[in-house]
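# need coordinates for the following:
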Amino acid sequence: MLTVFMLTILVSVWSFLCTLIFNLAGDYTYVKLPVTIFIIYLSSYLCLSAIKSFHGKVDFNLVTKYFIYTIVFQSIIVIAQFSSPEIAGFLIKIQRLTEEQAGIANYHLEDGSRFIGFGLLFYTASFFYGTALVLIAFQLKYNGYNRKELIVSSLLYLFIFFVGMGLSRTTVVGFITSMLLIIFPINNFSILLKLVFKFIIYIFLIVLSVFTVLKLFPNLFRGLDNLIGNAFDFFISYINTGSVSSESASGTLDFLVFPEQASTYIVGTGLYEMYSSIGDFNYSDIGYLRLIYYFGFPGLVLFFLVEIKILNLAFKRKKLLPIYYSMLVILLVTNFKGLTTLAVIAMMFALIPNDRIEESK
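The predicted structure follows:
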């Protein structure tokens, strides 16, 4: 953990040089990273202490359970906001949102085209929900199961997946990664085949039941057309045209504008929060480009060293390699859509003592 904090200080120093010395920009977004990581550290420690006070212990299974419970609770709030303008108005009002964020949230809720989370807005929701899918898949594959647990896990998995897609289509990365986690590596083919077969059968039956209800009671889910069309646009595109396309992905590629000046690749522009073109700065949703424009390739490398180091402490050091590699995939792939930071998720797992991980297994 000391190495993590040393790396954050390096990020801070390099950010300070890029934003104030090299570029005279004054944007301190990542200068504050050590403070951010320290707050995440204290918050995670407090959560683990609370779990220990209730259960007399803290281990991987308990932390995983509470993480999934939190995602489920968030999902209930999401559905409540989507269903009730009064609840949505109140929750948006008490959050610390910019005028632009509040405007976008209200537009999507009025249009019924997107779920809005509470403190978990837009793209950011995708890696929280994707992580929940990975953790459920891991528990199913490695911790044993009975029929009841498999049915409950299948229901939870589908519920989190659909709400996650309604919040952000990038949740599909966590979905694909969790499916790969279940299939690979193949330790015992017969047991794996049985697990995958049952899991797919239960999910198929659940989806079939939902479609049956929709057919029998077409007015029951009236008003969800815009949401489904937005959340699953690439699936719908494939069914209608035979090719996969997404308006969101196309919009992201429009911002694939690389720096023109060689110096930007080294020291960036020192700008991150300013969403307008200034000099060699172009706002982009793409995480890799946002980091390069802010503090060049050196800053980008330092940022990912911090993220990967925390993932290493949370999962690799604890011999939870399937989760470690799954989280790496989520980190590296989703940064093509937005800026992903998994430190806020991984820190709590990193603080679990290694012997507690072994007990959970």
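# pretty sure residue 289 sits against residue 256.
Yes. Counting by Cβ atoms under 8 Å, residue 289 does reach residue 256; the two are 7.3 Å apart. In this view, the C-beta of every residue, glycine as well, is placed from N, C-alpha and C.
# between the two, which is the more surrounded one?
Between residue 289 and residue 256, counted using other Cβ atoms under 10 Å, the more crowded position is residue 289 (21 against 13).
# do you know how far that one is from residue 164?
25 Å (Cβ to Cβ, to the nearest Å).
# ditto for residue 354
Residue 354 is 30 Å from residue 164, by Cβ to Cβ.
# between those two, which is the more surrounded one?
More neighbours surround residue 164 than the other of residue 354 and residue 164, with 30 against 11 (other Cβ under 10 Å).
# the more buried one contacts residue 127, doesn't it?
No. Between residue 164 and residue 127 there is no contact under Cβ under 8 Å: 9.7 Å.
# what do these two both touch?
residue 174 (Cβ atoms under 8 Å, 6 or more residues apart in numbering).
# contacting residues for residue 102?
Residue 102 neighbours (Cβ under 8 Å, 6+ apart): residue 92.
# what of residue 130?
164, 170-171, 173-175, 177-178, 330, 334.
# go on, residue 295?
14-15, 18-19, 30, 267-268, 270.
# which parts of the host helix or strand of residue 74 are buried?
Using DSSP states H and E, residue 74 sits within helix 60-83. Neighbour-count burial for helix 60-83 flags 60, 62-64, 66-68, 71, 74-75, 77-78, 81-82 (criterion: 16 or more other Cβ atoms under 10 Å).
# among these, which one sits closest to residue 118?
Set against residue 118, the nearest of the buried residues of helix 60-83 by Cβ to Cβ is residue 77 (4.7 Å).
# please state the backbone phi and psi of the closest residue to the closest one other than its chain neighbours?
In space, residue 77 comes closest to residue 118 once its chain neighbours are excluded; the distance is 4.7 Å by Cβ to Cβ, 6 or more residues apart in numbering. Phi and psi for residue 118, reported as degrees, to the nearest 10, are phi -110, psi 100.
# try residue 32
Dihedral angles for residue 32 - degrees, to the nearest 10 - are phi -90, psi 0.
# contacts only, for residue 79.
Residue 79 touches 115, 163, counting by Cβ under 8 Å, 6+ apart.
# so residue 120, which state does it fall into?
coil (DSSP: H, G, I helix; E, B strand; the rest coil).
# burial count for it?
18.
# now it, what are its backbone angles?
phi -140, psi 80.
# wait, it sits on residue 132?
No. Under the criterion of Cβ under 8 Å, residue 120 is not in contact with residue 132, lying 11.8 Å apart.
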